[in-house]
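# predicted model and sequence follow; I will ask about them next.
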Amino acid sequence: MAYLESPSSLVFKPINLPLVAEHARRHDALTVIDSVKDKITRIKDSLPDGTSIIPVYDRSDLIHRAIENLRRTLIEHALDDALGLSLDFT
């Protein structure tokens, strides 16, 4: 979600909804987020002077942290299982 800010007022406009609807059925969340960021970058140049897009919700950092946490947990459990199995066979 992002705000579209103009010199005269602050307008709330969900600029990413069409892109999300287009990609959500075929792609994962990070791919959709990257597509939205790319789209925002491309349309910034075409905005009137003084108008800007202000992202207010970007969950890509949350997704990256969750993936890292899962990876770390899986590695810990694999090592724990390997250690447990090696102790059982000795």
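Received it, and whenever you're ready, just let me know what you need. Numbering: from 1, shown residues only.

# tell me how far the spatially most central residue of the chain lies from D88.
Most central in the chain under C-alpha atoms, centre = their mean is S60, positioned 2.5 Å from the mean C-alpha point. S60 is 42 Å from D88, where distance means C-beta to C-beta, to the nearest Å. (C-beta placed from N, C-alpha, C; glycine too.)

# apart from its neighbours in sequence, what residue is nearest the residue nearest to the centre of the chain?
Distance criterion C-beta to C-beta, 6 or more residues apart in numbering; nearest residue to S60, sequence neighbours excluded, is I33 at 4.7 Å.

# how many other residues sit next to P55?
13 (other C-beta atoms under 10 Å).

# that one contacts I40, doesn't it?
Yes: between P55 and I40 there is a contact under C-beta atoms under 8 Å: 7.1 Å.

# about what we covered before: which strands or helices does whatever helix or strand the residue nearest to S60 lives in pack on?
Assigned by DSSP states H and E, I33 belongs to helix 29-44. Under the contact definition 3 or more C-beta pairs under 8 Å, 6 or more residues apart in numbering; DSSP states H and E, helix 29-44 sits against helix 17-23, strand 52-55, helix 60-88.

# turn the ones you listed into CSV, including distance to K44 and mean pLDDT.
Listed next are these as CSV, based on distance: least, C-beta to C-beta, whole Å; pLDDT from 0 to 100:
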stretch, distance to K44, mean pLDDT
helix 17-23, 15, 54
strand 52-55, 6, 78
helix 60-88, 18, 93
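
# follow-up on the earlier one: just the CA atoms of the helix holding I33, as CSV, please.
Provided in CSV are the C-alpha atoms of helix 29-44 (Å, rounded to 0.1, in the frame of the first residue of the first chain):
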residue,chain,number,x,y,z
ALA,A,29,4.6,-12.7,-2.3
LEU,A,30,8.2,-11.6,-2.9
THR,A,31,7.8,-11.6,-6.6
VAL,A,32,4.6,-9.5,-6.4
ILE,A,33,6.3,-7.1,-4.0
ASP,A,34,9.3,-6.7,-6.4
SER,A,35,6.9,-6.1,-9.3
VAL,A,36,5.1,-3.4,-7.3
LYS,A,37,8.5,-1.7,-6.4
ASP,A,38,9.5,-1.8,-10.1
LYS,A,39,6.2,-0.4,-11.2
ILE,A,40,6.5,2.5,-8.6
THR,A,41,10.0,3.2,-9.9
ARG,A,42,8.7,3.4,-13.5
ILE,A,43,5.7,5.6,-12.8
LYS,A,44,7.5,8.1,-10.5
